[in-house]
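Participant: dropping a prediction and its sequence here:
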Amino acid sequence: MPVVDENAAIRLQDVSFRWPGRSGFGFEVSHLEVARGQTMFLVGPSGSGKSTLLSLICGIVAPDSGRVEIDGEDLGALSAARRDRLRAERIGIVFQMFNLLPYASALDNVLLALAFAPGRRRRLKGREREEALRLMGALGLPSSLVATAPAAELSVGQQQRVAVARALIGDPGIIIADEPTSALDAAAQSAFLDILFDLVGDVGATLLMVSHDERLAGRFDRVASLTEIARTQMAHTGRSSAEAA
Ligand SMILES: Nc1ncnc2c1ncn2[C@@H]1O[C@H](COP(=O)(O)OP(=O)(O)OP(=O)(O)O)[C@@H](O)[C@H]1O
């Protein structure tokens, strides 16, 4: 029996999941915990299920069986509306493709995160704009751009920084980042991670980042490969990751 950490920000227990339809991809995670304030790096090749795992953790998809808990709350016990609200309040997500509103400014994109989080993340009351500008400044976004230019007119690296500011604003406590550096060269990746770690460290947030790039693992408290924590299966081959290994 695994030792249960009462202080876990993220916990998965006996989770199984399979995508419906032709891909037939699925996996089982018997146990995974990420402690509050911990930074964890999860590595796995393209197609190994990293984004799927993050979607389960964020409650975007539901497991076929098992429990997913965020700050001790069982996502499966919540209505869809309460699950959406919990995600908006407690989890800042940096999506692989950023998912910014293309015609809205960087500032409006960042502030939008608060629109769906009427509780915890609104502690900023009245200081939202100031905080959004502070975060974007810390992330190196030119102040001349953030309030006016549509997000679609920013470079990929700038859009990525907007996505990080949107995840961090209001201190949701848990930051989930899906391959956030894949569009950057090595020097820019390193500079970006320096800033991300500074901002995450400032508020003591939990950080779970996934990537196929093992070279990024060095600065995290904890590193695991997807194959260590999940047993994956493809319906069309019938092979599991354990058999393939
Ligand atoms: N919405 C979906 N419906 C059906 N199958 C899906 C869906 N999303 C992903 N899959 C399947 O799940 C498997 C894992 O995909 P996933 O995106 O989780 O991997 P990944 O490790 O994040 O890949 P990458 O590094 O390329 O983003 C793939 O075989 C994919 O076809």
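Facilitator: Noted; the coordinates are in hand.
Participant: from now on I want contacts and neighbour counts done on CA atoms only, so please keep to that.
Facilitator: OK.
Participant: state the mean pLDDT of the longest helix along the chain.
Facilitator: Ranked by residue count under DSSP state H, the longest helix found in the chain is helix 186-203. Regarding helix 186-203, the rounded mean pLDDT is 90.
Participant: got the buried residues for that helix?
Facilitator: Buried residues in helix 186-203, counted by 16 or more other Cα atoms under 10 Å: 189, 192, 196-197, 199-200.
Participant: and the contacts of that helix?
Facilitator: Contact partners of helix 186-203, identified using Cα atoms under 8 Å, 6 or more residues apart in numbering, comprise 138-139, 164, 168, 171, 173, 181, 206-207.
Participant: please redo it, this time with the cut-off set to 6 Å
Facilitator: Residues outside helix 186-203 that contact it (Cα atoms under 6 Å, 6 or more residues apart in numbering) are Thr181.
Participant: the most centrally placed residue in the chain in helix, strand or coil?
Facilitator: Residue closest to the mean C-alpha point of the chain, counted by Cα atoms, centre = their mean, is Ile176 at 1.6 Å. At Ile176, secondary structure determined by DSSP: H, G, I helix; E, B strand; the rest coil is strand.
Participant: need the pLDDT of it.
Facilitator: In this prediction Ile176 is given a pLDDT of 97.
Participant: now do the SS call for Leu12.
Facilitator: Relying on three-state DSSP, one would call Leu12 strand.
Participant: same question, Phe17
Facilitator: Applying three-state DSSP: Phe17 is strand.
Participant: look at it and say how many residues are nearby.
Facilitator: Using other Cα atoms under 10 Å, Phe17 has 21 neighbouring residues.
Participant: please name the residues that touch it.
Facilitator: So Phe17 contacts 26-27, 63-64 (Cα under 6 Å, 6+ apart).
Participant: of the residues you listed, buried ones?
Facilitator: 26-27, 63.
Participant: among the residues you listed, which are located in strands?
Facilitator: 26-27 (DSSP state E).
Participant: nearest to the ligand, of the buried ones among the contacts of Phe17?
Facilitator: Of all the buried ones among the contacts of Phe17, the ligand sits closest to Gly26, with 7.0 Å by Cα to the nearest ligand atom.
Participant: number of nearby residues for the closest residue to that closest one other than its chain neighbours?
Facilitator: Nearest non-adjacent residue to Gly26, counting by Cα to Cα, 6 or more residues apart in numbering: Arg18, 3.8 Å away. Neighbour count for Arg18, taken as other Cα under 10 Å: 19.
Participant: flag the shaky bits of this protein, pLDDT-wise.
Facilitator: Across the chain, residues meeting the criterion (pLDDT under 70) sit at 1-6, 234-245.
Participant: one more pass at 90, please.
Facilitator: By pLDDT under 90, the low-scoring segments of the chain are 1-7, 21-24, 46-47, 95-98, 116-126, 142-145, 156-157, 179-192, 227-245.
Participant: would you mind listing what in it touches the ligand?
Facilitator: 19-20, 23, 25, 45-52 (Cα under 6 Å from any ligand atom).
Participant: moving C-terminal of the longest helix of the chain, what's the next helix or strand?
Facilitator: strand 206-211 (DSSP states H and E).
Participant: list of residues touching that next one?
Facilitator: 36-43, 174-179.
Participant: and the angle for that strand with helix 186-203?
Facilitator: Counting by axes from the mean of the first three to the mean of the last three Cα atoms, to 10 degrees, strand 206-211 lies at 160 degrees to helix 186-203.
Participant: after strand 206-211 comes which helix or strand?
Facilitator: For strand 206-211, the following helix or strand on the C-terminal side (DSSP H and E) is strand 222-225.
Participant: what residues sit buried inside that following strand?
Facilitator: 223, 225.
Participant: got the contact list for whichever helix or strand comes after it?
Facilitator: Following strand 222-225 in sequence order, the next helix or strand is helix 226-229 (DSSP H and E). Helix 226-229 is contacted from outside by Gly44, using Cα under 6 Å, 6+ apart.
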